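In: have a look; sequence and predicted model below, questions after that.
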Amino acid sequence: MGETKTSLNEELVEAFYFVVSDFKVGLIDDETLKERLFRIAERYERNRNRDAGEKQKGLF
């Protein structure tokens, strides 16, 4: 699980880098930047919630 989590985090960081790079060079506008950053954040949140759910399974 740790390896999968690490690879997902690396993928999200890479996606963030590309979005910011595209914005810096003018390939995307403010609204598109916001949309893409929200998508990255939502994906991170879904993964984090799934991890939290798996950790809580041991409590029951």
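Out: Yep, that arrived.
In: pLDDT weak spots in this protein?
Out: Flagging of the chain using pLDDT under 70 yields the residue ranges 1-3, 51-60.
In: regarding it, what is its longest helix?
Out: The longest helix of the chain (DSSP state H) is helix 30-57.
In: who does that one touch, helix- and strand-wise?
Out: helix 2-24 (3 or more Cβ pairs under 8 Å, 6 or more residues apart in numbering; DSSP states H and E). Using the backbone N, CA and C atoms, a C-beta is placed for each residue, glycine as well.
In: list the buried ones in the helix it packs on?
Out: Using 16 or more other Cβ atoms under 10 Å as the test for burial, helix 2-24 gives Val19, Phe23.
In: list the contacts of that helix.
Out: Here helix 2-24 makes contact (Cβ atoms under 8 Å, 6 or more residues apart in numbering) with Ile28, Leu33, Arg36, Leu37, Ile40, Arg43, Tyr44, Asn47, Asp51.
In: hmm, 10 Å instead?
Out: Contact with helix 2-24 is made by 27-30, 32-37, 39-41, 43-44, 47-48, 50-51, as judged by Cβ atoms under 10 Å, 6 or more residues apart in numbering.
In: next: stretch 28-45.
Out: With Cβ under 10 Å, 6+ apart as the test, stretch 28-45 has contacts from 8-9, 11-13, 15-16, 18-24, 27.
In: rerun that using 6 Å as the cut-off
Out: Leu12, Ala15, Phe16, Val19, Asp22, Phe23 (Cβ atoms under 6 Å, 6 or more residues apart in numbering).
In: PyMOL command to pick out the buried ones of the contacts of helix 2-24?
Out: Burial among the contacts of helix 2-24 is assessed by 16+ other Cβ under 10 Å; the matching PyMOL selection reads:
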select buried, resi 28+33+36+40
